[in-house]
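Asks: starting from these lines, generate the structure:
(2 chains)
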Amino acid sequence: AQSVSQHNHHVILSEAASLELGCNYSYGGTVNLFWYVQYPGQHLQLLLKYFSGDPLVKGIKGFEAEFIKSKFSFNLRKPSVQWSDTAEYFCAVALLAGANNLFFGTGTRLTVIP
Amino acid sequence: ETGVTQSPTHLIKTRGQQVTLRCSSQSGHNTVSWYQQALGQGPQFIFQYYREEENGRGNFPPRFSGLQFPNYSSELNVNALELDDSALYLCASSRGGETQYFGPGTRLLVL
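Replies: As a prediction, this is how the structure comes out:
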């Protein structure tokens, strides 16, 4: 069965620290990859996505992610976090075969300390 | 703001009751997907509707059913509610298989 793993459940960083959140998926076919963010009290928002092309994708608010096909990974990075980045981050995978529904990881809670 | 709206925002029901949740998709989107997000978990796919027909289903029992209307809005119906159905129910709209945009969700509590 397809699965998405986010190994970091809760990450606590000080402002200006660098961030890397891991995401691995188990599916051998072609996939589209996403990172969604859920700020406290708000709905899920798209942070960035990878469909094809350059494996290093840039999203909103200075976030970027790198798709490494050989490792089935799509890690999220930000060089310098801000207090306003405090949120829950979800990695998601869509299989190009079938309904194109999203498989989500369990999420990583990021707390940024001012 | 994505343009996807959901109603109601909160709902309290008792076991055995039935519930209907509603979703209006973003303008130009013809596909609606429903997800269940339990506390502390990522969203789980329930089903998807494309052009008024079910276009895929996750691992949810038949008492979870849905509809899509000609204007592409959608309903999620859950019969015979169980305590474990307590969750945030998310609707996402898209243009076919393109990026899905989520609504704010309906928080359902089953007592």
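Asks: poorly predicted segments of the chain, please.
Replies: Going with chain A. Counting by pLDDT under 70, chain A contains low-confidence residues at A:1, A:97-99.
Asks: wrong one, I was asking about chain B
Replies: Within chain B, the stretches with pLDDT under 70 are B:1-2.
Asks: which bits of it sit near chain A?
Replies: For chain B, the residues in contact with chain A (Cβ under 8 Å from any Cβ of the partner chain) are B:2, B:33, B:35, B:40-45, B:48, B:55-58, B:90, B:92, B:94, B:96-97, B:99-105. (C-beta placed from N, C-alpha, C; glycine too.)
Asks: any of these buried? List them.
Replies: Buried subset of those (neighbour count, 16 or more other Cβ atoms under 10 Å in any protein chain shown): B:2, B:33, B:35, B:42-45, B:48, B:55, B:57-58, B:90, B:92, B:94, B:97, B:100-105.
Asks: which of the residues you listed fall in helices?
Replies: With DSSP state H as the criterion, helices contain none of these.
Asks: quick check: A:Cys91 touching A:Ser73?
Replies: No: judged on Cβ atoms under 8 Å, A:Cys91 makes no contact with A:Ser73 at a distance of 9.6 Å.
Asks: of the two, who's got more company?
Replies: Using other Cβ atoms under 10 Å in any protein chain shown as the criterion, A:Cys91 and A:Ser73 rank with A:Cys91 on top: 30 against 17.
Asks: okay, and that one sits in which element?
Replies: In this structure, A:Cys91 sits in strand A:87-95 according to DSSP states H and E.
Asks: what comes into contact with that strand?
Replies: Identification of contacts with strand A:87-95 by Cβ atoms under 8 Å, 6 or more residues apart in numbering or on different chains yields A:2, A:4, A:6, A:21, A:23, A:25, A:27, A:29-40, A:44, A:47, A:74, A:76, A:100-105, A:107-110, B:42-43, B:97.
Asks: where exactly do the strands run in chain A?
Replies: Assigned by DSSP state E, the strands in chain A fall at A:3-5, A:10-14, A:19-21, A:24-26, A:31-38, A:45-50, A:56-58, A:64-68, A:73-78, A:87-95, A:102-104, A:108-113.
Asks: nearest to B:Gly16, out of those?
Replies: strand A:102-104 (29.4 Å; Cβ to Cβ).
Asks: which elements pack onto that closest one?
Replies: The contact analysis (3 or more Cβ pairs under 8 Å, 6 or more residues apart in numbering or on different chains; DSSP states H and E) places strand A:102-104 against strand A:3-5, strand A:87-95, strand B:31-37, strand B:44-50.
Asks: partner strands of the second one and their direction?
Replies: It stands for strand A:87-95. When pairing is defined by DSSP bridges, strand A:87-95 lines up against strand A:31-38 (antiparallel), strand A:102-104 (antiparallel), strand A:108-113 (antiparallel).
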